[in-house]
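**Q** quick one: sequence and predicted model below, then my questions.
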Amino acid sequence: MASALPTLLAIHSYFRFLVLLVGLVALAVHVLALLQREEFAPLHRKLGAAYSGMLQIQLVLGFVAYGAGSRAGIVIGHAVVMFLGVAILQGTLSFNRRRSPPKLGLPTLGIALSLLFIFAGIAALARGPFAVSF
């Protein structure tokens, strides 16, 4: 399984850009809707779900890469911070989905906080968010 590690790390590294793009788009759409005092709409739910799903896939890829042999000590801090970002996002989106009616504020906060945690998790690897290494 050690031979699969470079491929897993490359997929994990490049998929990050797509996750960040979807997260930033979701944040922009949510903030714009808040500023325009719009109601929570299916678009907001779909963007949040897309971002959350992609972030969870990224987390699983990271755990698989760790299990495949990526045992650098620096990875533990990265994994913990990233897991917290996923948990915050999923928690806020799930809580908002149960509200009647759903609002825009909570998912916007969840998306923003998760992005902050993602950038902090990338920084825990001692590199910038747009550096590629594997």
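**A** Structure's in. What do you need? Numbering: from 1, shown residues only.

**Q** could you pull up the residues touching the residue nearest the centre of the chain?
**A** Taking Cα atoms, centre = their mean, the centroid of the chain lies closest to Leu55, which sits 3.8 Å from it. Residues counted as contacts of Leu55 (Cβ atoms under 8 Å, 6 or more residues apart in numbering) are 19, 23, 85-86, 89, 114, 118. All C-beta atoms are positioned from the backbone trio N, CA, C, and that covers glycine.

**Q** now, those residues that are in strands?
**A** Among these, DSSP state E puts none in strands.

**Q** of the residues you listed, which belong to helices?
**A** Cross-referencing those against helices under DSSP state H gives 19, 23, 85-86, 89, 114, 118.

**Q** now, which of those residues sits nearest Ile74?
**A** Nearest to Ile74, judged by Cβ to Cβ, of the ones in helices among the contacts of Leu55 is Ile118 at 16.1 Å.

**Q** alright, calling it a day.
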